[in-house]
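Predicted model and sequence follow; I will ask about them next.
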Amino acid sequence: MIVAQRKPFAEIAQSVSGFNRVLVAGCGTCVAVCLIGGEKEAGILASQLDMGAQIKGDECTFAVACVERQCDREFLDELAPQVAEHEAVLSLACGAGISFLAERFSDTPVLAGVNTSFIGINDDVGVWGERCRSCRDCLLSLTGGICPQALCPKGMLNGPCGGASEGKCEADPLKDCAWALIWERLENTGRLSNLEPIVAARDHADNLPGAQVHPAYERRYSAHE
Ligand code: SF4
Ligand code: SF4
């Protein structure tokens, strides 16, 4: 799932200043599960903004709406009547939902109420852990299901980096070295030979829409192709 964090209240209040009727739009999927942008959180934020406006003597009003997914056109259509009645929409969806909302209702200012953080999992109650950076070239088959892009601060594709000490990361000694974990996982499953081929540096040009990738950069795992 996509994990997000609510923006600081002062930043949100600043972004809605100047609008008299604002629709706070929650999303019922990922941001609801991580307790940041669902219907309940949208209601709380609207109340906070309302109180802030009253304290300042502003006449701004804040209404609440929530759809199942802001990244799905079918659900955005449900919002159309409410969007039409407001000067701006403050979205609590992830970046994809916010941008799709802005595209669908392009005549209405759409504001971001959250910072999209990462693709992750639920580690514990209310605790989320990053697991993927959506790199478009997944290495997990080679790395025992442990992502070095998400879990190694240097994003080492061929690790460890040399700074690891007793299985801990050079950049953060409180955390396990991602590559120590990868080694252990592969050793336990009899796949240490996965680490023999050198993984070529990423060509991030192929992340650009419509980009042509030069053949010289064609990769990748020679021993596995
Ligand atoms: S290698 Fe890591 S960042 Fe890339 S797709 Fe796989 S899990 Fe995601
Ligand atoms: S110690 Fe391990 S996790 Fe930390 S930066 Fe080096 S390779 Fe990455």
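Yes, it's here. All values reported here derive from a predicted model rather than from experimental measurement. Residues are numbered from 1 along each chain as shown. Ligands and ions are numbered 1, 2, ... in the order given.

which stretches of the protein form strands?
Applying DSSP state E to the chain gives strands spanning 2-6, 21-27, 61-67, 88-91, 110-112, 114-124, 127-132.

Nearest approach to E78 belongs to which of the ones you listed?
E78 sits nearest to strand 61-67 of all the strands of the chain, at 5.5 Å, using C-beta to C-beta. Bear in mind the C-beta positions are built from the backbone N, C-alpha and C, glycine included.

Do me a favour and average the pLDDT over that closest one.
Across strand 61-67, the average pLDDT comes to 97.

Contact residues of this protein facing ligand 2?
152-154, 156, 159-161, 163-164, 169-171, 177-179 (C-beta under 6 Å from any ligand atom).

which among the residues you listed end up buried?
Using 16 or more other C-beta atoms under 10 Å as the burial test, the residues of the chain next to ligand 2 include 152, 154, 156, 159-161, 164, 169, 177-179 as buried.

Those into CSV, with extra columns for distance to L23 and pLDDT?
Shown next, in CSV, are these (distance: C-beta to C-beta, whole Å; pLDDT from 0 to 100):
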residue, distance to L23, pLDDT
C152, 41, 97
K154, 42, 95
M156, 44, 95
G159, 47, 90
P160, 49, 94
C161, 48, 94
A164, 49, 94
C169, 44, 97
C177, 46, 98
A178, 42, 98
W179, 47, 97
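
want to try CSV for these, with distance to A80 as columns?
Below are those laid out as CSV (distance: C-beta to C-beta, whole Å):
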residue, distance to A80
C152, 44
K154, 46
M156, 47
G159, 49
P160, 52
C161, 51
A164, 54
C169, 48
C177, 50
A178, 45
W179, 50
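
Packed most tightly, which of the strands of the chain would that be?
Of all the strands of the chain, strand 21-27 carries the top mean neighbour count, a mean of 26, counting by mean count of other C-beta atoms under 10 Å.

show me where the protein has helices.
9-16, 30-33, 39-56, 73-84, 95-104, 148-151, 178-188 (DSSP state H).

so where's this structure shaky on pLDDT?
205-225 (pLDDT under 70).

Can you give the domain ranges for it?
Taking automatic domain parsing as the domain assignment, the ranges for the chain are 2-118, 135-207.

follow-up on the earlier one: okay, the helices of the chain, which one's buried deepest?
It is helix 30-33: most buried of the helices of the chain by mean count of other C-beta under 10 Å, with a mean of 22.

Farthest from the middle of this structure: give me that residue.
G57 (35.7 Å; C-alpha atoms, centre = their mean).

Return the member of the residues of the chain next to ligand 2 nearest to M51.
P153 (39.9 Å).

my guess is that closest one meets P173, correct?
No. Here P153 lies out of contact with P173, judged by C-beta atoms under 8 Å, at a distance of 11.7 Å.

So what sits opposite the residue most central in space within the chain in the bridge?
By C-alpha atoms, centre = their mean, the chain has its centre lying nearest to F118, at 3.4 Å. In this entry, F118 is beta-bridged to V3, by DSSP bridges.

didn't G120 look like it was pressed against R133?
No. With contacts counted by C-beta under 8 Å, G120 stays clear of R133, the gap being 10.2 Å.

who touches G155 in this structure?
148-149 (C-beta atoms under 8 Å, 6 or more residues apart in numbering).

ok, it to A88 distance?
With distances taken as C-beta to C-beta, to the nearest Å, G155 is found 37 Å from A88.

Check the gap between D72 and ligand 2 for me.
From D72 over to ligand 2 the distance is 36 Å, taken as C-beta to the nearest ligand atom, to the nearest Å.

Fine by me, we can end here.
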